[in-house]
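> Got a predicted structure plus its sequence, pasted below:
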Amino acid sequence: LVPGPAAIAAAVSGWAAWLAATAFPFYRGGHFVFHSSIAEEIWKGRFLIYYLPFPGSMLSEQAQWGKIVMPHPALYQTLVSPLAALPKPWFYFSEKVFLATLFASIVLMASVVAERVSGKRAAAFTAVLFAGLVPGFQLLGLGHLMTILGVWSSSLALPWLMFKADDLSRFKTWLASAWIFTFCFLSYTAALLFTGAVLVWVILMTARESPARARSVFTMLVAASAFAFLLYYVHWTLPFLLQSVPKILGGAGLGDKAAEATPLLSRLLLEPGKLSYSYGSMLIPLAGALSLLWLPKSWNRLVLLSWMGILFFVSGLDLFFNFLLKHHYYVMLPVAVGLGGLMAGIEARWGRVPAVVLTVLVVSLGLKTAVEVALGLIP
């Protein structure tokens, strides 16, 4: 499938909006300078400081969680490190161009996925909706650059699996898939955990009906996990097990309330607010999820629903652990695909006007966030 004109226009418009928001003079950037400084350090030859578990690593020692050691591959910083050869203002600007390009490519991928599962009109709506989603601008405003790479790599790997599942019996396709998922696992630790969980669930759900496909996905997952482990995580296994796990079990990151009972009701009441914070309205991800449920039963539906399920699975865990909102951002593509299919269905049943009005409402939330990012109002 090739993205249509609407998807290309949405990708170009989104690219301009993401770049304009971050290149505006009042943009604060959150952790942007932090990650950029690591890229500069890597360009100066200090790659091993972030690759190996050195004590006090500012990338992998999580101060907000009681200084536990959490492996964070510096893949993003390594990829952009050559840009650090430029004068600093141009380095920052070219990095923002790179980030906007990552998001623009997800627009095209989301449109292709939507066309595959819901048709051409859904593909057009999906592209516009993804370009206007709040999380894209919010991630740029917060400066969660590693998260952006994780979202991008997952948005490449899982659609690839949707399209190539029947070809996994061919060794070249199987090996290419293993390397794509290896890149995903190395892009960000959260991408490893979330994408791995999606693959495990997909394997379990297809083991009975399609054992050959489940076996191919399983062996590919094992290979990708082994590649990622040997390329990076092998160095961090013992430090994580010996240092971090005891701190986590002892309540690291919970502060003075570590010994108190978990306030389940309070955390439950916070969840709608977290969804609204991430998407502008909690109705946006919920509507996208419900729309995916209406799709005909298929392999594509299984992958998308499993992907979307991360939002609810981790939100459930969030009742017991105060996780960050990275899992909300992770499901941007399935949310957009679900919304695109919903808008196409509304257009087919009630006409173009209500579908366009609802699309404009969703996009307006993203544009509001874009203005806040540009003016440095994102905390």
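Structure's in. What do you need? Numbering: from 1, shown residues only.
> Every contact and neighbour count from this point should use C-alpha atoms.
Noted.
> where along this structure do the strands fall?
61-62, 68-69 (DSSP state E).
> on contacts alone, who are the packing partners of the last one?
The one in question is strand 68-69. strand 61-62 (3 or more Cα pairs under 8 Å, 6 or more residues apart in numbering; DSSP states H and E).
> give me that answer again for 10 Å
In terms of contacts (3 or more Cα pairs under 10 Å, 6 or more residues apart in numbering; DSSP states H and E), strand 68-69 is packed against strand 61-62, helix 245-249.
> pLDDT below threshold where in the stretch 251-379 of the chain?
251-262, 322, 324 (pLDDT under 70).
> Tell me the buried residues in stretch 273-280?
274-275, 277-280 (16 or more other Cα atoms under 10 Å).
> Present those residues as TSV; the columns should include distance to P211.
Formatted as TSV, the buried residues of stretch 273-280 follow (distance: Cα to Cα, whole Å):
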residue	distance to P211
K274	38
L275	36
Y277	41
S278	38
Y279	37
G280	41
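> and which of the residues you listed is nearest to F321?
K274 (14.2 Å; Cα to Cα).
> And for that closest one, nearest residue in space, chain neighbours not counted?
In space, not counting the residues next to it along the chain, K274 is nearest to L325; the distance is 7.6 Å by Cα to Cα, 6 or more residues apart in numbering.
> One more: W179?
A224 (6.3 Å).
> Counting neighbours, what do you get for that neighbour?
Close neighbours of A224, defined as other Cα atoms under 10 Å, add up to 25.
> repeat for P89
When neighbours are counted by other Cα under 10 Å, P89 comes out with 10.
> All further residue positions should be reported with the first residue as 35.
Happy to do that; since the first residue is 35 now, the last one works out to P123.
> roughly how far apart are it and L265?
33 Å (Cα to Cα, to the nearest Å).
> cool, and L82?
13 Å.
> which of the two has more neighbours?
Neighbours were counted for L82 and for L265 using other Cα under 10 Å; L265 has more, 14 against 10.
> gap between the more buried one and M254?
In terms of Cα to Cα, L265 sits 16 Å off from M254.
> What of I344?
For I344 relative to M254 (Cα to Cα), the value is 21 Å.
> Those two: who's more crowded?
Between I344 and M254, M254 has the larger neighbour count (other Cα under 10 Å), namely 22 against 19.
> my guess is that one meets R204, correct?
No. Look at M254 against R204 with Cα atoms under 10 Å: they stay out of range, at 11.7 Å.
> Neighbours of Y126, how many?
Neighbour tally, Y126, other Cα under 10 Å: 19.
> does it really touch Y61, like I thought?
No. With contact defined as Cα under 10 Å, Y126 does not reach Y61; the gap is 11.7 Å.
> Let me know which of the helices and strands packed on strand 102-103 is tucked in deepest.
With neighbours defined as mean count of other Cα atoms under 10 Å, those peak in mean count at strand 95-96, which reaches a mean of 18.
> Show me the shaky parts of the stretch 85-234 of the chain.
Checking the stretch 85-234 of the chain against pLDDT under 70 turns up 89-90, 96-100.
> could you pull out the helices for it?
All helices of the stretch 85-234 of the chain, identified by DSSP state H, counting those that start in this stretch, fall at 109-114, 122-152, 154-165, 168-176, 179-198, 205-221, 223-240.
> Tell me which residue lies nearest the centroid of this protein.
V185 (2.4 Å; Cα atoms, centre = their mean).
> Which residue is the nearest non-sequential neighbour of that one?
Y364 (5.4 Å).
> hang on, the residue nearest to W213 packs against T229?
No. Contact between A258 and T229 fails when scored by Cα under 10 Å: they sit 11.4 Å apart.
> Next, show the common contact partners of the two.
215, 218-219 (Cα atoms under 10 Å, 6 or more residues apart in numbering).
> Going by distance to W235, which of these wins?
Once Cα to Cα is applied, the member of the shared contacts of A258 and T229 that ends up nearest W235 is F215, at 15.7 Å.
> burial measure for that closest one, as a count.
What F215 shows, counting by other Cα under 10 Å, is a neighbour count of 30.
> For it, list the residues it contacts.
By Cα under 10 Å, 6+ apart, the neighbours of F215 are 187-188, 190-192, 194-195, 209, 221, 225-226, 229-230, 254-255, 257-259, 261-262.
> switch to 8 Å and redo it
191, 255, 258 (Cα atoms under 8 Å, 6 or more residues apart in numbering).
> Skipping adjacent residues, who's closest to I72 in space?
Q111 (6.4 Å).
> That neighbour contacts A73, doesn't it?
Yes. Q111 sits in contact with A73 when judged by Cα atoms under 8 Å, with a separation of 4.4 Å.
> Relative to V67, how far out is the residue nearest to I72?
11 Å.
> Settle it for me: which of those two has more neighbours?
Q111 (22 against 13).
> What separation is there between that one and S203?
Counting by Cα to Cα, the gap from Q111 to S203 is 35 Å.
> List the contacts of the closest residue to A55 other than its chain neighbours.
Distance criterion Cα to Cα, 6+ apart; nearest residue to A55, sequence neighbours excluded, is A408 at 4.3 Å. Neighbour list for A408: 54-61 [criterion: Cα under 8 Å, 6+ apart].
> what about the residue nearest to I72, distance to W186?
Distance from Q111 to W186, by Cα to Cα: 15 Å.
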